[in-house]
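[1] Provided below for reference: sequence and predicted model.
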Amino acid sequence: MTLKVTARAKTKAQAEALIEPVVDEIRRRYGEYIYSVTEPDLQSELVKRLKAAGKTIAVAESCTGGMIASRITDVPGSSAVFGYGVVTYANEAKIKLLGVNEQTLADYGAVSEQTAREMAEGVKALSGADIGVAVTGIAGPDGGTEEKPVGLVYLAVAVGSETKITRLLLSRGRRDERTSIRERTAMHAMFGCLEIVD
């Protein structure tokens with residue numbers, strides 16, 4: 001979500017002075033959710049921070065089908081920090097391209113913490129990037145079960161020798177939310193990377 005704060009004044013300096021206490025209050029209330037007050041979108045902020053940190057990123061996507069890579073490469077100059085994006089929708093692709101263990105898929109399924117972890121670590125190893133990110137989930141409208149409902153997504157971020165896993169439930173109970181689940185997954189993935197880069 002983008003929030004715009006505006007003010008009318010005779011000069012730019014006066015307008016900024018009027019805006020400053022409002023922005024401060026928004027930061028006080030919602031600071032943990034704010035990623036930037038200058039960049040136009042999350043992917044621009046992510047690319048900026050990766051460049052500043054001298055870090056590179058690679059992504060392995062299942063349920064998002066390349067959406068994260070697309071968003072990152074929308075940013076001019078992103079090639080400095082992004083070189084690999086792999087869409088491994090099929091289990092065979094997860095195995096062949098990322099080295100996901102067949103037994104992991106047999107025991108836990110494609111939508112699992114274990115598979116997400118192996119995907120993130122696999123794309124990190126494949127690419128040589130500093131950060132490996134993976135998402136796997138059920139975007140719907142079909143494919144959900146009681147145990148693994150539509151909207152269940154696992155996000156994994158591998159950095160160094162550690163991998164952080166996040167379990168997300170992104171459904172809002174509507175039948176027509178496939179696109180919104182995929183979009184929210186992409187946003188969570190990029191936001192999760194910001195926390196790692198900082």
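    Happy to help now that I have it.
[2] Can you tell me the number of residues neighbouring Pro141?
    Pro141: 14 surrounding residues under other C-beta atoms under 10 Å. Yep, even glycine has a C-beta here, placed from its N, CA and C like the rest.
[3] I'd say it and Arg175 touch.
    Yes - taking contacts as C-beta atoms under 8 Å, Pro141 lies within contact range of Arg175: 5.1 Å.
[4] Let me see the ranges of the helices in this structure.
    12-30, 42-53, 67-73, 91-98, 102-108, 113-127, 178-197 (DSSP state H).
[5] mean pLDDT lowest for which of these?
    Lowest mean pLDDT within the helices of the chain: helix 12-30, at a mean of 79.
[6] And for His188, the neighbour number?
    By other C-beta under 10 Å, 18 other residues sit near His188.
[7] Return the distance of it relative to Arg167.
    In this view, His188 and Arg167 are 11 Å apart by C-beta to C-beta, to the nearest Å.
[8] shared neighbours of those two, which are they?
    With contacts taken as C-beta atoms under 8 Å, 6 or more residues apart in numbering, His188 and Arg167 have Val153 as neighbours in common.
[9] hang on, the earlier thing: relative to Val5, tell me which of the helices of the chain wins on proximity.
    Comparing these by their distance to Val5 (C-beta to C-beta), the top pick is helix 12-30, with 5.2 Å.
[10] How far away from the center of its chain is the closest one?
    Remark: helix 12-30 is offset 28 Å from the chain centroid, using C-alpha atoms, centre = their mean, to the nearest Å.
[11] Output that helix as CSV, nothing but the C-alphas.
    Taking C-alpha atoms only, helix 12-30 is exported to CSV below (Å, rounded to 0.1, in the frame of the first residue of the first chain):
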residue,chain,number,x,y,z
LYS,A,12,8.4,23.9,-0.6
ALA,A,13,10.1,24.4,2.7
GLN,A,14,6.8,25.5,4.3
ALA,A,15,5.0,22.5,2.9
GLU,A,16,7.7,20.1,4.1
ALA,A,17,7.4,21.7,7.6
LEU,A,18,3.6,21.0,7.6
ILE,A,19,4.1,17.4,6.4
GLU,A,20,6.9,16.5,8.9
PRO,A,21,4.8,16.0,12.0
VAL,A,22,2.3,13.9,10.1
VAL,A,23,5.0,11.7,8.7
ASP,A,24,6.6,11.4,12.1
GLU,A,25,3.2,10.2,13.6
ILE,A,26,2.7,7.7,10.8
ARG,A,27,6.2,6.3,11.5
ARG,A,28,5.5,6.2,15.2
ARG,A,29,2.3,4.2,14.7
TYR,A,30,3.2,2.0,11.7
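[12] by contact count, what packs against that helix?
    If contacts are counted by 3 or more C-beta pairs under 8 Å, 6 or more residues apart in numbering; DSSP states H and E, helix 12-30 sits against no helix or strand.
[13] Just the buried positions in it, please.
    Buried residues in helix 12-30, counting neighbours by 16 or more other C-beta atoms under 10 Å, are absent.
[14] Also stretch 81-89?
    81-82, 84-88.
[15] for stretch 186-198, same thing?
    Within stretch 186-198, the residues scored as buried using 16+ other C-beta under 10 Å are 186-190, 192-193, 196-197.
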